[in-house]
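Novice: below is the sequence, then the predicted model.
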Amino acid sequence: MQSVIPYGRQHITEEDLAAVREALLSDYLTQGPKILEFEEKFAEYVGANYAVALSNGTAALHLCAIALGVKPGQKVITTPITFAASANCVRYCGGEVVFGDIDPETYLLDINSVRRLLEESPIGTYHGIIPVDFAGRAVDLEAFQSLAEEFDLWIIEDACHAPGGYFKTSNGEASRCGSGEFADLAIFSFHPVKHIASGEGGMITTNDEGLYQKLLQLRTHGIIKDDERYSNSPEFAAGQEGETIYPAWYMEMQSLGYNYRITDFQAALGLSQLNRADQGIVRRREIAKIYFEAFKGLDFVKGQSGVVEGHAYHLYVLEVENRLGLYNYLREQRIFAQIHYIPCHLMPYYRDLGWQEGDRFNAETYYKHCISLPMYPTLTQEEQEFVITQVIKFFNNEG
């Protein structure tokens, strides 16, 4: 019987197991040295000054929204073709999500649709933009930064699909996803199907030291442990008059934060996976090229992920006629393709806020045809050939 071929799969090596075992046998299971080491290595990998490791990507988005001051009623623009958390983080803070449309060629947030939204409203209506590096294709953040500066907006880059990805700037240089060169903050996820898997986990990167310090505080209940930043006096802290030094036990909760910490053994796994991240990117690009050449020019293909420089290929998307039929047929062959994504604005929660079918034509048209084929570094040549053969077989037999 054909073994199951999922759309994504983690790859755990003996080195990963050894790294986790070492962390489990150390003095720290959480709040230990592996977390800082992971943060420093990850910041170096993407080219950012600072990184903050968190419990998951949604926590990362939430803290970004808080750190940038999202308030009730403030409007933020994002794409409808993304996981719901990209939008929900604004709602957590009471903000209002406004969905732009996508570019039907790239599947990314269409900057022209964003400009139209901004120009149709008074200056100050919108406060930020959350572009998503969907499927691993890097957003042109240089262009978005120019637009953001024009309308006094901040940018959160949702780079969950794209560690190791990049786009070419106007001067021809590569700008890596999460580098902080053109966005205030960027976020990543370490969910099992992502490039770097730590079970659960997330990361925020930034070049802004002020935001970095705020995020560290928000991650741990709003508590700080820093003699230079305390509000209460040493006398109060020590419980003794005339004391001028803060005791070692002292700490202060200075804001309302959360417990969004990652563990040391998760960080150890993330570090081990980070060591071979570039190797995984190379393999993903090889797989993407094979898919592209196999489906290029076929009449049942309405669109597909192209061979694009800098693409990190978390997903390989094919657009086809009779998507439902293909999806069901592939499952019968034990190929578990997936659909990414149901447009966020048509989820019942957002429908209840006033969004309806017809609001975002390109996103809705894309959803009717998209299917994500198996894409992960350990996908074998034989497995990929089987996937390609079955897709073509379905449409040939259907015809």
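Specialist: Yep, it's here.
Novice: what about A84, neighbour count?
Specialist: A84 has 15 neighbours, counted by other Cβ atoms under 10 Å. In short, each C-beta sits where N, CA and C put it, glycine included.
Novice: who's in contact with the closest residue to it other than its chain neighbours?
Specialist: Nearest residue to A84, sequence neighbours excluded (Cβ to Cβ, 6 or more residues apart in numbering): C344, at 5.6 Å. Residues near C344 by Cβ atoms under 8 Å, 6 or more residues apart in numbering: T78, T79, P80, I81, T82, A84, S86, A87, V97, F99, Y350.
Novice: and for G8?
Specialist: Neighbours of G8 in contact, by Cβ under 8 Å, 6+ apart: P192, V193, H314, L315, Q338, P374, M375, Y376.
Novice: how does it look with 10 Å?
Specialist: Taking Cβ atoms under 10 Å, 6 or more residues apart in numbering, we find G8 in contact with 191-194, 197, 314-315, 336, 338, 372, 374-376, 379.
Novice: so it lies in a helix, does it not?
Specialist: No - under DSSP: H, G, I helix; E, B strand; the rest coil, G8 falls outside any helix and is assigned coil.
Novice: packing partners for the one helix or strand F188 maps to?
Specialist: Using DSSP states H and E, F188 falls within strand 185-189. Here strand 185-189 touches helix 33-46, strand 50-54, helix 57-67, helix 85-92, strand 126-130, strand 154-158, strand 202-206, helix 209-219, going by 3 or more Cβ pairs under 10 Å, 6 or more residues apart in numbering; DSSP states H and E.
Novice: if we go to 6 Å?
Specialist: helix 57-67, strand 154-158, strand 202-206 (3 or more Cβ pairs under 6 Å, 6 or more residues apart in numbering; DSSP states H and E).
Novice: any chance you could list what contacts the second one?
Specialist: So that's strand 154-158. 64, 68, 86, 128-130, 132, 148, 183-187 (Cβ atoms under 6 Å, 6 or more residues apart in numbering).
Novice: that strand: what's the following helix or strand?
Specialist: Sequence-wise, the next helix or strand downstream of strand 154-158 (DSSP H and E) is strand 166-168.
Novice: neighbouring strands - and their directions - for the helix or strand following that following strand?
Specialist: With elements assigned by DSSP H and E, the helix or strand that comes after strand 166-168 is strand 174-176. Strand 174-176 pairs in its sheet with strand 166-168 (antiparallel), by DSSP bridges.
Novice: how about the strand it pairs with: buried residues?
Specialist: Y166, F167 (16 or more other Cβ atoms under 10 Å).
Novice: report the distance from it to the chain centre.
Specialist: The chain centroid and the centroid of strand 166-168 are separated by 16 Å under Cα atoms, centre = their mean, to the nearest Å.
Novice: ditto for stretch 36-56
Specialist: 14 Å.
Novice: quick one: low-confidence residue ranges for this structure.
Specialist: 1, 399 (pLDDT under 70).
Novice: and it, what are its domains?
Specialist: 5-222+256-276, 223-253, 278-398 (automatic domain parsing).
Novice: which of those domains is buried the deepest?
Specialist: domain 5-222+256-276 (a mean of 20; mean count of other Cβ atoms under 10 Å).
Novice: just put the contacts of strand 154-158 in TSV and tack on distance to Q10.
Specialist: As requested, those are arranged in TSV below (distance: Cβ to Cβ, whole Å):
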residue	distance to Q10
C64	25
L68	32
S86	22
G128	32
I129	31
I130	26
V132	22
A148	35
A183	27
D184	31
L185	26
A186	22
I187	20
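Novice: who are the contact partners of the residue nearest the centre of the chain?
Specialist: Nearest residue to the geometric centre of the chain (Cα atoms, centre = their mean): C160, 1.8 Å. By Cβ under 6 Å, 6+ apart, the contact list for C160 reads G57, F188, S189.
Novice: can I get the residues you listed in TSV with distance to Q254?
Specialist: Formatted as TSV, those follow (distance: Cβ to Cβ, whole Å):
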residue	distance to Q254
G57	26
F188	27
S189	28
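Novice: the strands in the stretch 251-399 of the chain, which residues?
Specialist: Along the stretch 251-399 of the chain, the stretches classed as strands by DSSP state E, counting those that start in this stretch are 252-253, 301-304, 316-320, 335-336, 370-373.
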